[in-house]
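In: Prediction below, plus the sequence it came from.
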Amino acid sequence: MKQTESSTFTVQTGRTVISDETMEYVGILGKLELTQEERQAAKKDMERMLDYIDKLNELDTSGVEPMSHVFSVNNVFREDIVEDRDGGEDTLANAPERRERAFVVPKTVDQ
């Protein structure tokens, strides 16, 4: 029978119990105004989450390499290719109306 006590929570027989003072403090930090029923429901949810984390900590991960992402991530950036053109002609090809190297747009402000 494992029992650990702190001001935050108590672990008894493999189950985490969070103190009311901790729930009050979490509410203050989160700027939450909870009713007594909501506070009790949140407390149970937090206890279940901590129990699950304890369960995960029981797994032997000694041979598992740490990862920073679920999928293998390679460098997705391509090398910069310097070209002499800026793509302006391609962009202006879609303009409904143009003057030299610029779009012509309707006037929106009267002076």
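Out: Thanks, I have the structure now.

In: Report the contact partners of the nearest residue to residue 97 once chain neighbours are set aside.
Out: Among residues not flanking residue 97 along the chain, residue 104 sits closest, at 4.2 Å (C-beta to C-beta, 6 or more residues apart in numbering). From N, CA and C alone the C-beta is placed, and that goes for glycine too. Residue 104 makes contact with 95, 97, 98 under the criterion C-beta atoms under 8 Å, 6 or more residues apart in numbering.

In: For residue 35, see how far away the last one is.
Out: What it means is residue 98. 64 Å (C-beta to C-beta, to the nearest Å).

In: Who has more neighbours out of these two?
Out: Taking other C-beta atoms under 10 Å, residue 98 and residue 35 do not tie; residue 98 has more neighbours (13 against 8).

In: Next, work out how far apart the residue nearest the centre of the chain and residue 30 are.
Out: For the chain, residue 69 is the residue whose C-alpha lies nearest the centre (C-alpha atoms, centre = their mean; 12.9 Å). In this view, residue 69 and residue 30 are 29 Å apart by C-beta to C-beta.

In: where does the residue nearest to residue 97 fall, phi/psi-wise?
Out: phi -110, psi 120 (degrees, to the nearest 10).

In: between the contacts of residue 104, which is nearest residue 61?
Out: Nearest to residue 61 among these: residue 95, at 58.3 Å, using C-beta to C-beta.

In: Now do the SS call for that closest one.
Out: Secondary structure state of residue 95, per DSSP: H, G, I helix; E, B strand; the rest coil, is coil.

In: Tell me the bridge partners for the closest residue to it other than its chain neighbours.
Out: Leaving aside its sequence neighbours, residue 95 sits nearest to residue 103 (C-beta to C-beta, 6+ apart; 4.9 Å). In this entry, residue 103 is beta-bridged to residue 98, by DSSP bridges.

In: how much space between residue 103 and residue 89?
Out: For residue 103 relative to residue 89 (C-beta to C-beta), the value is 13 Å.

In: Looking at those two, which is more packed in?
Out: residue 103 (12 against 9).
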